[in-house]
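Sequence and predicted model, in that order:
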Amino acid sequence: MRKLTDIEMRELDKKWKEPLKKHTRLSYDECCMKQKLEFLFPHLFVDLQIKDKPDLQSKDESVGIEVSSAINRVDRQIASLAVDLFHSRTDNLEKTKKDIEELGGRIFQYGISYPEKNTQKDYSDVINIIEEKLNKLNNGTYKRFEYNYLAIDTELFLEGKHYLAESLMKDINNICSNKIKYDSIFVFNPFYVYVFDLKQNRFSSIKCDTHEMTRCAYEARVMVENDEVFP
């Protein structure tokens, strides 16, 4: 896995004045997840390939990882509209501003704020994604590998909420009952990754280094812009 140096990151930061195009061949989210997983779990993931059903696969075809997002649909809409607004990618600035406000966002000089977070809604969104993806793994929509994983981007925070982590582990086990299940499910938020090891039936939490996660994001953008995955 190629890693951008700090110097390269600074140079790219100067270069990138515009957001990515709306439609690209490679998925930014999948590229970013590939880099994060390879960085955080090098003992499990090396040189993952971006494919489909599931999204990430190992060269030797022993590992398959489905990548998904449980980030609130409204937040995603607001973020997309904000990009259009601040980078003048809309012909009607006032309408775009109004659309953001109607969705519950607030516009400031240099950014926006989102509606108040709802932990229970974030929790339910994660559960729904897991159930949906597990059904697809079991009905043959996704190819099965020797090792199968699910990685989810979310806004769910479990730090200091052990009861919530225990509840999520219990709900996941209930969903997986009598089914072929994932070896582990990785639940990412901006600062932590929560690992639900379904083979060992245990939960762990890893604090993510913000600088390294930013490096992964930069690497993902380079891959998408160059239409080429880092070897």
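Cool, the structure landed. Numbering: from 1, shown residues only.

C-terminal to the worst-scoring helix or strand of the chain on mean pLDDT, what's the next element?
Lowest on mean pLDDT, DSSP states H and E among the helices and strands of the chain sits helix 73-86, with a mean of 71. Next helix or strand after helix 73-86 toward the C-terminus (DSSP states H and E): helix 93-102.

Buried ones in that following helix, by neighbour count?
Across helix 93-102, burial judged by 16 or more other CB atoms under 10 Å covers 96, 97, 99, 100. Glycine gets a C-beta too; all of them are placed from N, C-alpha and C.

go on, stretch 125-140?
Using 16+ other CB under 10 Å as the test for burial, stretch 125-140 gives 125, 126, 127, 129, 130, 133, 134, 137.

Verify the contact between the fourth one and residue 152 for me.
The one in question is residue 129. Yes. With contact defined as CB atoms under 8 Å, residue 129 reaches residue 152; the gap is 5.6 Å.

between those two, what contacts are shared?
68, 69, 70 (CB atoms under 8 Å, 6 or more residues apart in numbering).

So among these, which ones count as buried?
Here, 16+ other CB under 10 Å leaves 68, 69, 70 buried among the shared contacts of residue 129 and residue 152.

From those, which land in strands?
68, 69 (DSSP state E).

Let me have the buried ones among the shared contacts of residue 129 and residue 152 in TSV, extended by pLDDT and distance to residue 1.
Formatted as TSV, these follow (pLDDT from 0 to 100; distance: CB to CB, whole Å):
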residue	pLDDT	distance to residue 1
68	96	22
69	93	22
70	91	25
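
ok, so of the buried ones among the shared contacts of residue 129 and residue 152, who is nearest residue 216?
residue 69 (15.8 Å; CB to CB).

Let's have the shared contacts of residue 129 and residue 152 in a markdown table, adding distance to residue 33.
Output for the shared contacts of residue 129 and residue 152, formatted as a markdown table (distance: CB to CB, whole Å):
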| residue | distance to residue 33 |
| --- | --- |
| 68 | 9 |
| 69 | 10 |
| 70 | 13 |
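
Quick check: residue 103 vs residue 72, distance?
10 Å (CB to CB, to the nearest Å).

Which residue ranges make up the domains of the chain?
Domains of the chain are assigned by automatic domain parsing as 6-72+117-226, 74-113.

quick one, which of those domains is packed in tightest?
Of the domains of the chain, the one with the most neighbours on average (mean count of other CB atoms under 10 Å) is domain 6-72+117-226, at a mean of 16.

Would you list the phi and psi of the most centrally placed residue in the chain?
The centroid of the chain falls nearest to residue 153 when counting by CA atoms, centre = their mean (3.1 Å). Phi and psi for residue 153, reported as degrees, to the nearest 10, are phi -90, psi 140.

I'd like the numbering to begin with 722 instead of 1 from here.
Taking 722 as the first residue, the last one we looked at is residue 874.

returning to what we had before: weakest of the domains of the chain in terms of mean pLDDT?
Among the domains of the chain, domain 795-834 has the lowest mean pLDDT, at a mean of 74.

Report the distance from that one to the chain centre.
Its chain's average C-alpha position is 22 Å from that of domain 795-834, according to CA atoms, centre = their mean, to the nearest Å.
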